[in-house]
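>>> When you get a sec, could you give me coordinates for this:
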Amino acid sequence: MDRPLFQGTLPHFGSCDLDVGREPPKLHIVTGRRSSQLRSEIRRLCPRKPGVYGMLDRHGELIYVGKAKNLRARLLSYFRRRSRDPKAGRILRHTGSIAWETSANEFAALHRELELIRRWRPRLNVQGQPLRRRFTFVCLGRPPAPYLFLARRPPPSTLACFGPIPLGRRAREAVRQLNDWFGLRDCPQVQEMVFADQAELFPVLRTAGCLRYEIGTCLGPCLAACSQNDYSRKSRLARDFLAGIDLSPLVILERDMASASARQEFERAAHLRDKLASLRWLHDKLDQQRLRLRESFIYPISAMGRETIWYLVHGGRTVAAIPEPQDAEGAGAAAELIDAVYRKDPARLLDSYEHYDGLLLVASWFRRYPQQRKRTMQPGEALVRCRRWFNK
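Here you go, the predicted structure:
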């Protein structure tokens, strides 16, 4: 992707998804050959307001984006050699110009920072980068014998999709254990599937495509060892486990582990413990995700010197913003947007792993400021407020 070059003076970083104004926020840039010149310009020009800032190198390339509750204080902290962290010093050494734009509030600045990182992908940013944080979805699909697999972008033919979850060894092991538990295949698509209830004019003696049927971890749809109905039932049970509906595998594993330990079969107990830990890790990750996706509300915040802004959080993510209605026209626009946003299925809002950072942003904000929960309101309550304008 092309890096943004800020030659001369540009008016803005680009459009803002959550900006309630018509024009993009104004950009301010200071330049200096030495860090002392940059510090002097920041002291003179930078306001004590929330916003985002960008560090530009000597060639005008945007190399780092950050956010601040107080822009002036945050940017001046880069010049305090004794108290700054090592990364701040490395960033400053590559910096020839500093740009900033103000935001309505800290919550808006957080979203703007994530938006700019995703748009420009500055090389010194780590968090928020689309290609640096690795997430994946647990998918059930690939007929005629569906099984569980991991995909960063679920294919259209997927029957069910859960996540995202962190991609890595634990995710791969959990999916392998689930396929083993429910007897689902995990062979390549080129492997022919033949079910026991599929009549054959000339029956053929078939052999298993892998060892899993021999060791009892696959139902054997490749050699007509099970019916299609039996296989479909097992795949539905796997889907129910991932959806948090049927957690019997965890109960059975815990019971068998305790029983093996009581019989002093410690090797078997350790094997069951590892399997239980793997499936429990996956369940916990998906359960956290389900809890976040149930988060749907409107979060009003008073902007600095401006009107109150309603942030529409649906499925755990901030998907829109609109000024609090001050007249019938504004109430009509707000009601129309609220109806359009909250009519959507929240699970469908998380159609890409890239959206996961936005979900984590909202969760982190309310974990940091739990008292702010009291200010939120349900969409129905906001619609009632809108209707009051029409009755005046």
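
>>> what's the neighbour count on the closest residue to residue 342 other than its chain neighbours?
Spatial nearest neighbour of residue 342, chain neighbours left out: residue 379 (4.6 Å); criterion: C-beta to C-beta, 6 or more residues apart in numbering. Using the backbone N, CA and C atoms, a C-beta is placed for each residue, glycine as well. Here the number of neighbours of residue 379 (other C-beta atoms under 10 Å) works out to 19.

>>> How about the contacts made by residue 379?
296, 297, 298, 338, 341, 342 (C-beta atoms under 8 Å, 6 or more residues apart in numbering).

>>> Check the offset of the top helix by length along the chain from the chain's centre.
When the chain is parsed with DSSP state H, its longest helix is helix 266-293. Here the centre of helix 266-293 is set off from its chain's centre by 21 Å, with C-alpha atoms, centre = their mean, to the nearest Å.

>>> what packs against it?
Contacts of helix 266-293 with other secondary structure elements, assessed using 3 or more C-beta pairs under 8 Å, 6 or more residues apart in numbering; DSSP states H and E, are made with strand 160-166, helix 169-182, helix 228-242, helix 248-262, helix 356-368.

>>> Repeat the analysis, applying 6 Å as the threshold.
Packing partners of helix 266-293 (3 or more C-beta pairs under 6 Å, 6 or more residues apart in numbering; DSSP states H and E): helix 169-182, helix 248-262.

>>> pLDDT of that helix, averaged?
On average, the pLDDT along helix 266-293 is 93.

>>> and which of the contacts of residue 379 is nearest residue 138?
Minimum distance to residue 138 across the contacts of residue 379 is 23.3 Å, recorded for residue 296 (C-beta to C-beta).

>>> which outside residues touch stretch 244-252?
181, 240, 241, 279 (C-beta atoms under 6 Å, 6 or more residues apart in numbering).

>>> same deal with stretch 19-34?
Counting contacts by C-beta under 6 Å, 6+ apart, the residues outside stretch 19-34 that touch it are 9-10, 12-13, 15-16, 38, 41, 97-101, 309, 321, 323.

>>> if you set the cut-off to 8 Å instead, what comes out?
The set of residues that contact stretch 19-34 without belonging to it, under C-beta under 8 Å, 6+ apart, is 6, 9-16, 37-38, 40-42, 45-46, 51, 56, 96-104, 112, 309, 321-323.

>>> so how far is that stretch from its chain's centroid?
For stretch 19-34, the distance between its averaged C-alpha position and the chain's averaged C-alpha position is 28 Å (C-alpha atoms, centre = their mean).

>>> ok, and for it, which residues are buried?
The neighbour-count criterion (16 or more other C-beta atoms under 10 Å) identifies 19, 20, 25, 27, 28, 29, 30, 31, 32 as the buried residues of stretch 19-34.

>>> what distance separates the start and the end of it?
Terminal residues of stretch 19-34 lie 34 Å apart, using C-alpha to C-alpha, to the nearest Å.

>>> Give the rounded mean pLDDT of that stretch.
On average, the pLDDT along stretch 19-34 is 82.

>>> now stretch 179-195
Predicted confidence along stretch 179-195 averages 91 (mean pLDDT).

>>> buried sites along that stretch?
In stretch 179-195, counting by 16+ other C-beta under 10 Å, buried: 179, 180, 181, 182, 183, 184, 185, 186, 187, 193, 194, 195.

>>> Stretch 265-276 now?
For stretch 265-276, a neighbour-count test (16+ other C-beta under 10 Å) marks 269, 272, 273, 275, 276 as buried.

>>> Let me have these in JSON lines, extended by distance to residue 375.
Shown next, in JSON lines, are the buried residues of stretch 265-276 (distance: C-beta to C-beta, whole Å):
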{"residue": "269", "distance to residue 375": "50"}
{"residue": "272", "distance to residue 375": "47"}
{"residue": "273", "distance to residue 375": "45"}
{"residue": "275", "distance to residue 375": "45"}
{"residue": "276", "distance to residue 375": "41"}
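
>>> Can you name the element that comes right after the longest helix of the chain?
Beyond helix 266-293 in the direction of the C-terminus, DSSP states H and E gives the next helix or strand as strand 297-302.

>>> And that following strand, what's buried?
Under the neighbour-count rule (16+ other C-beta under 10 Å), strand 297-302 has 297, 298, 299, 301 buried.
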